[in-house]
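# Need coordinates for the following:
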Amino acid sequence: MKDWANRGKSGRPDEGNGQGNRPLKVRVHSEKESLLTIENSKLTLSLAARVRQHDACLMTTIIVPSSHSIASAMEAAGKEFNLKKQQDKGALTVPPYIFAWSSAVLAAIEV
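Now for the predicted structure:
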């Protein structure tokens, strides 16, 4: 019989139905998980829960009206940063939120 007729879909001679087929190597998968995998999963879940609890305790959102002294101080600091940035053309290396937060803290101290 023709050799090409006994080849499988990929065209390899060892995949066909004819003689000369090699047995496929089978890798036996164990259903039992290793101890390291289980402990790693437990550690990941406990750390994720701790981070969520930490975030919930420390992160608080405060909404103040735009007429409040803190909001107006932050707005003024943002405008001041923008003016300095336009005048110096990139001389400022500090991000704008530093100006806004520092003015917010100073305004909160005064309140």
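# which ones are touching the residue most central in space within the chain?
In the chain, the centroid-proximal residue (C-alpha atoms, centre = their mean) is Ala48; its distance is 13.2 Å. Contacts for Ala48 (C-beta atoms under 8 Å, 6 or more residues apart in numbering) come out as none. C-beta: built from backbone N, CA, C; applies to glycine.
# mind starting the numbering at 8 from now?
In the new numbering, first residue 8, that becomes Ala55.
# now the helix or strand harbouring it: mean pLDDT?
In this structure, Ala55 sits in helix 42-65 according to DSSP states H and E. The average pLDDT for helix 42-65 rounds to 90.
# Which parts of this protein are helices?
42-65, 76-95, 103-117 (DSSP state H).
# so can I have a markdown table of the ones you listed showing distance to Leu31?
Formatted as a markdown table, those follow (distance: least, C-beta to C-beta, whole Å):
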| stretch | distance to Leu31 |
| --- | --- |
| helix 42-65 | 27 |
| helix 76-95 | 66 |
| helix 103-117 | 60 |
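# Give me the pLDDT for Asp21.
Asp21 is given a pLDDT of 52.
# next one: Asn24
At Asn24, pLDDT is 52.
# same question, Val112
The per-residue pLDDT of Val112 was computed as 94.
# count of neighbours near it?
12 (other C-beta atoms under 10 Å).
# Equivalent analysis for the one 5 residues further on, please.
For Glu117, the number of neighbouring residues by other C-beta under 10 Å comes to 9.
# Next one: the residue nearest to it when sequence neighbours are not counted from Ala83, what distance?
Spatially, and ignoring its direct neighbours in sequence, Glu117 is nearest to Ser76 (7.2 Å; C-beta to C-beta, 6 or more residues apart in numbering). As judged by C-beta to C-beta, to the nearest Å, Ser76 and Ala83 stand 10 Å apart.
# overlap in contacts of those two?
With C-beta under 8 Å, 6+ apart as the test, Ser76 and Ala83 reach no residue in common.
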